[in-house]
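Enquirer: this one's sequence-less:
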């Protein structure tokens, strides 16, 4: 019977293909793309047929064909039927392939092409998008700033809007607090950069075809020294792919393992298929490349400092946030925002979702305090007491508050007694028993600029009321004051303060109402760090859920060499560098040092760069320019959407398309393990089908397709694509791997484009973060990947510290402090190594530069490239026809330098110079200047005072020094500069 | 017929700029025949957000005021246009792109600066309340739909309903003295046309250090344009007081601060703008 069924399927195959080609242009187009012969059969020869594809038609013939381009052979008829059925079970397919129950041999491009044809035949009749009746079709997409409706007419995007939820979507939750009920607006709100993306898609900076640097000759003079200066010439995809694949082969044979480095940014366009932790990682593993060693940027002080007091290493050292929205609204009397500006940073990817909840807190009469050198957007919206502070001195203020608590007995002695260790040693430091210096409010005044009397008031208000501490952008850490030389001290103080106030008791927790909504925390849909299609169980979060739920082929990088991202220039220029691991599996995981290069491995000679953001986002990025031009870097290929930033340093540029031009699937704001349950910052969990709304512009292609094209030339396309899966097929595989099919069919989901995951019923309460700890119970909040070895006693009993308690003097740091005295177990105040105490530097450069996460672009995404975002007042300033980056400074500092609003200035130090426009206001603490960290534009000019960047990459000026010898975090907020009026004369444009 | 009105609650605006961006996304690159030609990609601010900062030192506040075409009921632009600009029955003012061609003069007809000149297409332009979408069945203009905090709200109401809203929610318009009768109303706008005088009150504690004084009684008298105002306040836990709602013309102030236990302080001087006077030590 089964034999007959197989024969019938093979007999009918040409008919089905030809019919689908008649009906669907996509199938027709693909069919016309190649003339090949494919043989399909059983290994024992009982069934064999071959198919001849010529001129957009296919005919089937009985019998074998030894000269076929592709041979698909099955050991058994069961395997053949299972693999060839539409919508197959990939667990069976993968088993068949891994164990050679099925084999695909012949030309790789033919196998991939045939597989793609089969997937197209299955998917071409799927429907998506809504006809609006006015000639537009409405699709859906997902961005770094939230989900969008995308209206398209005649293949062109007309508009993009946020998505209003309707009656067919799941209901919203309601919270009750102090006699009031709160329900969020039924909308998926977005950030402004999301709404700007139409202008980015059609930007004049789009790279529309492959290009080669004019003076780069892969077979002759490579002119590495002119990178960033010479122009480009258009080349064909064939030539581009030939150069890239020839270089990959040459690297492998001439230099060996490690010669190729994949160099990617921390963020990417949204989508679980095309994300860098997905398709790029799969590609890199198959090629075999030196990995870019990321450090937990934006987590600095929490990862390198705070976690040693309380565990939570799996959260990269951040506190959790479960149940805190309800607890805060119901119980808290005060919220202290400390270096926390969620109205600017929107959590991460959070749209405008948290604003409404913070306005609820205001309506309820919760008092606010804001500690920040800047009267930031959150302070502006909510009001409350502003405590301006000199940059980088926050730990001194915190220590003095704790001193005052001890002096006046305003801390939770019972909690400290029962739940912590080391308090006596800490108290002795505060009181000056150890060093003879009591850390009084007067002690900190000269350092921080905060009047001692305000410290006493704050200590009393805080110590006498149930207070939420909003520390960093998320409220539970991240960004802000943790990104400086004293960042670890500050983050450590934050958790020490909470431990003294009874962390976890009602109304006492971390949060700024940005996270911890009452959603369904048990519903599984993968976030981007869960590896997507990478198959990488080592370097992504894939192993936790994804790898078991979505059967797909494992990939492993054969190269063990890592180059630390923030020491990359030294690695290239000096030939060696070292870094510390980002390892969240234990508190000690971060201690080991690793070296580049690894013994016996090749140094890096080729960069596969993915986009361009380094000059705007990486500390002391001026170092990158020299590294890019270093003669040891023989080849740089950049796969990029736009010509921006460091893309202009590449030898060959491959044009990638935006997320509006390809298929993908993802949940809004779900990053996966980096910030587990990060979609709890949204009022509604929304999974979005990222429709291919328009065709890729020019000759651009999706990231996935570019990788596939390269790997097919290297004979690994079939492996990469698992037999020709296209992106839409991968989307369905991801959909099937999630909990979503329990709620909605693939057909309905694809058509509508999004699905709202219902919140838990109000009868199921989300446990509150740390409440279990305060009450001495077993842990009842989610632990994303339980590691029993982290607990001294039983799993889930106590914290993941050696003592199981909150450690005021962390025993893990005590073990290494002899080797790194700047990172002592006793969290004593050590002034910043670049700040007012750096006497010589400070005499020359007396302004402290803070570069914060931007509100209007997502890092470099949405900035520059003729984006509408440039037009936003407060993002860039249009002066004499040029959009300048904005530097905010206080009136006094401006007057002393003869500066007025929108004056062009040269911001400089020994590391470089950047031209900005000044925004003069009373919103900054004297001595502090503030700007955003992430200009997308690098535009070098010659001025009468030397070279300067007119694009606004202020990270050219920030230090590359790490926090301390073993705390390998960046410290961009410890940066001294001087600011001077610029004469506006451009001598030369680079 | 019911007419459109816009209500802007400045207390809910965090300057996210979504309204600004929605107007760019909608109009740049898109012609809507009969309504508008495409907005130039650079330079026009059909919707914009003004920033008002008050105070200095550690006592400042910031208010953001989104502005757009007011769709005035007594619109100076309509009067000046000779038929190129008209008022629809639903309250929306529209500049006819065909009839207004070449009429650069109309840019100056708007006392609010809400008409922009499109040099390439040679037409005056404004934010149309997204009339093309409203006529296509949209329930609200895009800026409202994109506003995440509820700072923007559009209503389609009768004249009497509008009056009730204005009364109940204490709504105001920009520059009412012009008599243009805008249909864009503002809530909580007072902070943008009033001054505050603020300060801090402290006293020496038993150890000789300075402490903030909570509950000190502050009496302020202001002389501005020949009129005397008085106001009172009590200091908060940080010893701060902030007396708001003062006339913006400036003038002279006199302060008296008392606390039963810590004593008294007096100060006087001139003010021209919102001002933070720093700390007063009671003796």
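Expert: In hand now; what should we look at? Because the structure is predicted, anything quoted here is derived from the model rather than measured.

Enquirer: C-alpha from now on. contacts and neighbour counts both.
Expert: Noted.

Enquirer: can you list the domains in the chain?
Expert: Just going to use chain A. A:2-123, A:323-515+A:786-814, A:839-989 (automatic domain parsing).

Enquirer: To clarify, I was referring to chain B.
Expert: Taken from automatic domain parsing, chain B resolves into B:3-191, B:194-281.

Enquirer: does the longest one come close to chain A?
Expert: Yes - looking at domain B:3-191 against chain A by C-alpha under 8 Å from any C-alpha of the partner chain, the contacts come from B:11-14, B:16-18, B:20-22, B:24-26, B:30, B:41-43, B:53, B:55-63, B:142, B:145-150.

Enquirer: Please list the members of the residues you listed that lie in strands.
Expert: Of those, the ones assigned to strands by DSSP state E are B:53, B:55-56, B:59-63.

Enquirer: Just the buried ones from those, in PyMOL syntax?
Expert: The PyMOL selection below is limited to those of these classed as buried (16 or more other C-alpha atoms under 10 Å in any protein chain shown):
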select buried, chain B and resi 53+55+56+59+60+61+62+63
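
Enquirer: can you redo the ones in strands among the residues of domain B:3-191 next to chain A as a markdown table with pLDDT?
Expert: What follows is those, written out as a markdown table (pLDDT from 0 to 100):
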| residue | pLDDT |
| --- | --- |
| B:53 | 97 |
| B:55 | 97 |
| B:56 | 94 |
| B:59 | 98 |
| B:60 | 98 |
| B:61 | 98 |
| B:62 | 98 |
| B:63 | 98 |
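
Enquirer: Helices of the stretch 251-400 of chain A, residue ranges please.
Expert: Secondary structure of the stretch 251-400 of chain A (DSSP state H, counting those that start in this stretch): helices at A:281-287, A:300-301, A:307-310, A:324-331, A:342-345, A:353-363, A:377-382, A:394-408.

Enquirer: between the fourth one and helix A:353-363, how many degrees?
Expert: Between the direction of helix A:324-331 and that of helix A:353-363, the angle (axes from the mean of the first three to the mean of the last three C-alpha atoms, to 10 degrees) works out to 10 degrees.

Enquirer: quick one on the thing from earlier: could you look over the domains of chain B and pick the most buried one?
Expert: Neighbour counts (mean count of other C-alpha atoms under 10 Å in any protein chain shown) averaged over each of the domains of chain B peak at domain B:3-191, with a mean of 19.

Enquirer: Between the two ends of that domain, what distance do you get?
Expert: 29 Å (C-alpha to C-alpha, to the nearest Å).

Enquirer: Stretch A:518-533 now?
Expert: Taking C-alpha to C-alpha, the first and last residues of stretch A:518-533 lie 30 Å apart.

Enquirer: List the buried residues of that stretch.
Expert: A:518-521, A:525-533.

Enquirer: Return the member of these nearest to residue A:80.
Expert: residue A:533 (24.3 Å; C-alpha to C-alpha).

Enquirer: Let me know the secondary structure of the closest one.
Expert: coil (DSSP: H, G, I helix; E, B strand; the rest coil).

Enquirer: distance of it from residue A:393?
Expert: 44 Å.

Enquirer: Other residues contacting whichever helix or strand residue A:735 is part of?
Expert: Using DSSP states H and E, residue A:735 sits within helix A:727-737. With contact meaning C-alpha atoms under 8 Å, 6 or more residues apart in numbering or on different chains, helix A:727-737 is reached by A:119, A:123, A:273, A:532-533, A:546, A:549-550, A:662-665, A:704, A:741, A:746.

Enquirer: In three-state terms, label residue A:116 for me.
Expert: Per three-state DSSP, residue A:116 ends up helix.

Enquirer: Can you list phi and psi of the spatially closest residue to it that is not a sequence neighbour for me?
Expert: Spatial nearest neighbour of residue A:116, excluding adjacent residues (C-alpha to C-alpha, 6 or more residues apart in numbering or on different chains): residue A:724 at 4.6 Å. Per-residue torsions, residue A:724: phi 100, psi 20 (degrees, to the nearest 10).

Enquirer: Is it correct that residue A:724 is in contact with residue A:716?
Expert: No - Residue A:724 lies out of contact with residue A:716 (C-alpha atoms under 8 Å); the separation is 11.0 Å.

Enquirer: From the neighbour counts alone, determine which of these two ranks first.
Expert: residue A:724 (25 against 20; other C-alpha atoms under 10 Å in any protein chain shown).

Enquirer: Residue A:30 sits in which helix or strand?
Expert: Residue-wise, residue A:30 maps onto helix A:25-32 under DSSP H and E.

Enquirer: and that helix, what does it pack onto?
Expert: helix A:2-23, helix A:108-123 (3 or more C-alpha pairs under 8 Å, 6 or more residues apart in numbering or on different chains; DSSP states H and E).

Enquirer: Including mean neighbour count, could the ones you listed go into TSV?
Expert: TSV is the format used below for the helices and strands packed on helix A:25-32 (neighbours: other C-alpha atoms under 10 Å in any protein chain shown):
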stretch	mean neighbour count
helix A:2-23	16
helix A:108-123	22
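
Enquirer: In contact with the residue nearest to residue B:219 when sequence neighbours are not counted, which residues?
Expert: Excluding the flanking residues, the one nearest residue B:219 by C-alpha to C-alpha, 6+ apart is residue B:232, at 4.7 Å. Shown in contact with residue B:232 (C-alpha under 8 Å, 6+ apart): B:217-220, B:243.

Enquirer: ok, now residue A:552?
Expert: Counting by C-alpha under 8 Å, 6+ apart, residue A:552 makes contact with A:90-91, A:94, A:533, A:535, A:722.

Enquirer: Where does pLDDT dip in the chain?
Expert: In the absence of a named chain, this looks at chain A. Under the criterion pLDDT under 70, no range of chain A is flagged.

Enquirer: Can you pull up the most central residue in it?
Expert: The centroid of chain A falls nearest to residue A:267 when counting by C-alpha atoms, centre = their mean (3.7 Å).

Enquirer: in chain A, what residue is nearest chain B?
Expert: With C-alpha to the nearest C-alpha, the shortest gap between chain A and chain B falls at residue A:453, namely 4.6 Å.

Enquirer: In a strand, that residue, correct?
Expert: No - applying three-state DSSP, one finds residue A:453 to be helix, outside a strand.

Enquirer: Who's the closest spatial neighbour of it, skipping the chain neighbours?
Expert: In space, and not counting its chain neighbours, residue A:453 is closest to residue B:211: 4.6 Å by C-alpha to C-alpha, 6+ apart.

Enquirer: Helix or strand: which one has that neighbour?
Expert: Using DSSP H and E, residue B:211 sits within strand B:210-212.

Enquirer: And the helices in the stretch 1-150 of chain B?
Expert: Ranges of helices within the stretch 1-150 of chain B are B:18-27, B:76-81, B:131-135, B:142-146, based on DSSP H, counting those that start in this stretch.

Enquirer: how about the residues of the stretch 51-200 of chain A near chain B?
Expert: Checking the stretch 51-200 of chain A against chain B by C-alpha under 8 Å from any C-alpha, the hits are A:158-162, A:189-192, A:195-196, A:198-199.
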